[in-house]
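# I need the structure of the sequence given here:
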Amino acid sequence: MANQTDYARRAETRSFRPRPERDDFAYASRLITERQLECLSWVQEGKSATDIGSILGLSGRTVEKHIIKVCGHLGVKTRVQAVVRARELGLIAASAP
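Residues are numbered from 1 along each chain as shown. Okay, here's the model as predicted:
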């Protein structure tokens, strides 16, 4: 029981820093690399990670990692949300229909 109490006491005193706002263009543009934006613009075109990897000379897994990073920087969960958010911030241009 002593271990559980000590652990609970330590967990209570832990404080977390709030995350910085992720809707700021300057903040997002500093964190997102050109390669990540390039992958995201291909996602916008409807390409899969494997297709993007073939186009850019990367593995599909590397492309997925780039997309996951972009999602994290933009504060979204899906590829589609990332594209929409990047368009809103002006990080990528809307594709022609």
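
# show me where this structure dips below the pLDDT cut-off.
Applying pLDDT under 70 to the predicted model, the residue ranges of the chain that meet it are 1-24, 96-97.

# which helices and strands does the longest helix seen in it pack with?
For the chain, the helix with the greatest residue count under DSSP state H is helix 60-74. For helix 60-74, the contact count by 3 or more Cβ pairs under 8 Å, 6 or more residues apart in numbering; DSSP states H and E identifies helix 25-31, helix 34-44, helix 49-56, helix 79-89 as packing neighbours. The C-beta positions use only the backbone N, C-alpha and C, and glycine is treated the same way.

# Arg35 touches Lys65, doesn't it?
No. The pair formed by Arg35 and Lys65 falls short of the contact definition of Cβ atoms under 8 Å, at 10.5 Å.

# how many residues are close by Ala49?
21 (other Cβ atoms under 10 Å).

# can you put the helices and strands packed on helix 60-74 in a markdown table and add distance to Cys71?
Converted to a markdown table, the helices and strands packed on helix 60-74 look like this (distance: least, Cβ to Cβ, whole Å):
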| stretch | distance to Cys71 |
| --- | --- |
| helix 25-31 | 11 |
| helix 34-44 | 9 |
| helix 49-56 | 13 |
| helix 79-89 | 5 |
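
# could you say which one of these comes nearest to His73?
When the helices and strands packed on helix 60-74 are compared for distance to His73 using Cβ to Cβ, the nearest one is helix 25-31, at 4.5 Å.

# buried ones in the closest one?
Across helix 25-31, burial judged by 16 or more other Cβ atoms under 10 Å covers Ala28.
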